[in-house]
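Colleague: For reference, the sequence and a predicted model appear below.
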Amino acid sequence: MRLALFLTAVAGSACLSAPQQAAADAAADAAVDSGSDGTACGTPWSAMASGTTQRLLAVWGIAWNDVFAVGQGGTILHFDGSSWSAMNSGTTANLLGIWGCSREDVFAVGEHGTALLFSGTSWYAIPSNTVQQLWAVWGSAAGDVFAVGDSGTIQHFNGSAWSFMTSSTTEALTGVWGTGPGNVFAVGIQGAILHFDGSSWSSGNARAAMPLWAIFGDGPGDVFAVGAVGTVMRFDGFSWSNLRPGTTKSLQGGWSGAPSDVFVVGEAGTVLRFDGSTWLPMTSAPVTLNGVWGNGPGNVYAVGDGGTILRHVGCDSNLVANGDFETGVWGWLGYDATLAQSTTAHGGMYSCQLCRSVGTGGFSLDDDRYSVNYPRQGEVYYAEAWVRLLPGAPVAPTARANLFLREWPRDGVIGPMSFGPPAYLDQNWRMVTVQHTVTADAFGLDLYLGGDDVAPVGCFLADDIVLRRL
């Protein structure tokens, strides 16, 4: 049985309605395929450095590069698209759930009735008017937020204060999710499933035989509840049914971007993806995973014990050639730079060493021609790379590298581009990322790493460059 102190539910989408969110997520859905080996595209989860060993219990985000995770001891972490960093929560209480409507309205809840709000710059406490442990939080808007907890507790936030709601149960409520102010579900530790119709909470005929830990979905006719001993229940808008996910592990949380892209996580590193008809196991890490959230099937984050954070970036193969430089630097060109293999590697045995060859300005590593031919309007691409200085090189505090994705409307004609947060160059490997949505049908899409801001240093290393369509 899951320890009560660390139970969590995963929040749903932000303030888009469920149909709006499903439509937004569906744009990326077509890029995801299942592997032929009976697993969901092999081993697509990669570990991220969290900077903590505290147990992480829930995760939620606004975008792929604006993600929050909460956990033990008041831990709150934030991902900016490049790295995770700790935030000052102002509490040591265990934080069990997180949800938001915008970057200025992010809610976190936890033990002893703890309720926090992020204003966009800092976290501060809002009296919840209860001392009961709050397990999960969800809302339809910043002024319509629900938190659930022990002894049947349901609290409602109207934009200025929390107030008590009658739940008609004393069962610990462990998850909450909905599609709007008049369609909210809550689940409980004894299998209860409650529904709020906009005026009152009621329990219908449905009840699970096992404890339920989380509830989530992507629309009023596609709601999932998960729990102990591999329990998965699904609501089709009319009735609940039991599904068979092929595991007896406790399932701790889940997220759904579309009916064919449902992710569930649980104990012993269990990760399952539901494609609308079949549950497919995914390889992750051998630790209990407590929460999962994504903003599309190619950007999904899972958090768990020991500060574990995993990321799934889709099932398409790497679109860049020779991104690990294990067989040389072929497939790449230096812009005002010379290229060579280096034995200081992030992964494998080799990386790419870039050194300025002309003048004193910036320089970059460019893919040879286009990594993507004929990208289409609306397609979304994500890239990441790892960078650092050469061993022993002096640190220039202002030197930093960016990663760019650039459209070419016609061959030789530069079009719109995107670049992500910079990575400052020092003696540590640091990840730099970028995401780009194609603005119009184009001749090509290319990637380059470096830019004007690397000018204070003469050389740097790059490794493990990945480009995927989401």
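Modeller: Ah, there it is. Numbers count the residues shown, from 1 in each chain.

Colleague: My guess is Leu405 contacts Val432. True?
Modeller: No. Using C-beta atoms under 8 Å, Leu405 is not in contact with Val432, being 12.0 Å away. All C-beta atoms are positioned from the backbone trio N, CA, C, and that covers glycine.

Colleague: In terms of neighbours, single out the busier of those two.
Modeller: Val432 (28 against 25; other C-beta atoms under 10 Å).

Colleague: My guess is the more buried one contacts Ala401. True?
Modeller: Yes. At 5.7 Å, Val432 counts as touching Ala401 under the criterion of C-beta under 8 Å.

Colleague: any common contacting residues for the two?
Modeller: Val387, Pro422, Ala423, Leu449 (C-beta atoms under 8 Å, 6 or more residues apart in numbering).

Colleague: Next, find the distance separating Glu267 from Ala285.
Modeller: The gap separating Glu267 from Ala285 is 12 Å, by C-beta to C-beta, to the nearest Å.

Colleague: rewinding a little: from the shared contacts of Val432 and Ala401, which land in strands?
Modeller: Using DSSP state E, the subset of these located in strands is Val387, Ala423, Leu449.

Colleague: mind giving me a markdown table with those residues and columns for neighbour count?
Modeller: As requested, these are arranged in a markdown table below (neighbours: other C-beta atoms under 10 Å):
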| residue | neighbour count |
| --- | --- |
| Val387 | 32 |
| Ala423 | 24 |
| Leu449 | 27 |
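
Colleague: Which member of the residues you listed is positioned nearest Ala192?
Modeller: Nearest to Ala192 among those is Ala423, at 47.1 Å by C-beta to C-beta.

Colleague: give me the beta-bridge partners of the closest one?
Modeller: Beta-bridge pairing for Ala423 (DSSP bridges): Ala401.

Colleague: correct me, but it touches Val387?
Modeller: Yes. Using C-beta under 8 Å, Ala423 is in contact with Val387, at 5.4 Å.

Colleague: what is in contact with those two at once?
Modeller: Common contacts of Ala423 and Val387, defined by C-beta under 8 Å, 6+ apart, comprise Ala401, Arg430, Val432.

Colleague: Make a markdown table out of the residues you listed and add distance to Ile309 and pLDDT.
Modeller: Shown next, in a markdown table, are the shared contacts of Ala423 and Val387 (distance: C-beta to C-beta, whole Å; pLDDT from 0 to 100):
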| residue | distance to Ile309 | pLDDT |
| --- | --- | --- |
| Ala401 | 23 | 93 |
| Arg430 | 16 | 91 |
| Val432 | 17 | 91 |
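
Colleague: Gly182 and Ser199: what is the separation?
Modeller: Gly182 is 8 Å from Ser199, where distance means C-beta to C-beta.

Colleague: Looking at those two, which has the bigger crowd around it?
Modeller: Between Gly182 and Ser199, counted using other C-beta under 10 Å, Gly182 has the larger neighbour count: 11 against 7.

Colleague: pLDDT score for that one?
Modeller: Per-residue pLDDT puts Gly182 at 95.

Colleague: follow-up on the earlier one: of all the ones in strands among the shared contacts of Val432 and Ala401, which comes closest to Gln353?
Modeller: After measuring these against Gln353 - C-beta to C-beta - the closest member comes out as Val387, at 11.3 Å.

Colleague: who are the neighbours in contact with that closest one?
Modeller: Ala401, Ala423, Leu425, Trp429, Arg430, Val432, Leu449, Phe460, Leu461, Ala462, Asp463.

Colleague: between those residues, which is nearest Phe325?
Modeller: Distances from Phe325 to those, taken by C-beta to C-beta, are shortest for Asp463, at 6.4 Å.

Colleague: distance between the one helix or strand that closest one maps to and the chain's centre?
Modeller: Taking DSSP states H and E as the definition, one finds Asp463 inside strand 459-469. Relative to its parent chain, strand 459-469 has a centroid offset of 21 Å by C-alpha atoms, centre = their mean, to the nearest Å.

Colleague: Run me through the strand neighbours of it, direction for each.
Modeller: strand 351-356 (antiparallel), strand 380-388 (antiparallel).

Colleague: closest one to Arg103 among those?
Modeller: Arg103 sits nearest to strand 380-388 of all the strands paired with strand 459-469, at 20.4 Å, using C-beta to C-beta.

Colleague: Need the CA coordinates for the closest one. PDB is fine.
Modeller: Only the C-alpha atoms of strand 380-388 are listed here, as PDB (Å, rounded to 0.1, in the frame of the first residue of the first chain):
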ATOM      1  CA  VAL A 380       6.800  21.000 -33.900                       C
ATOM      2  CA  TYR A 381      10.500  20.200 -33.500                       C
ATOM      3  CA  TYR A 382      12.500  19.900 -30.300                       C
ATOM      4  CA  ALA A 383      16.300  19.800 -30.000                       C
ATOM      5  CA  GLU A 384      18.800  19.500 -27.200                       C
ATOM      6  CA  ALA A 385      22.600  19.400 -26.900                       C
ATOM      7  CA  TRP A 386      25.200  19.300 -24.100                       C
ATOM      8  CA  VAL A 387      28.000  21.900 -23.900                       C
ATOM      9  CA  ARG A 388      31.000  22.800 -21.700                       C
END
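
Colleague: how far away is the residue nearest the centre of the chain from Ser82?
Modeller: The chain has Tyr301 as the residue nearest its centroid, 3.2 Å off, counting by C-alpha atoms, centre = their mean. Distance from Tyr301 to Ser82, counting by C-beta to C-beta: 14 Å.

Colleague: From Thr153, how far off is Thr169?
Modeller: Applying C-beta to C-beta, the value for Thr169 to Thr153 is 10 Å.

Colleague: again but with Pro391, I slipped
Modeller: 55 Å.

Colleague: Wait, Trp45 touches Gly314, no?
Modeller: No. With contact defined as C-beta under 8 Å, Trp45 does not reach Gly314; the gap is 11.1 Å.

Colleague: Fine by me, thanks again.
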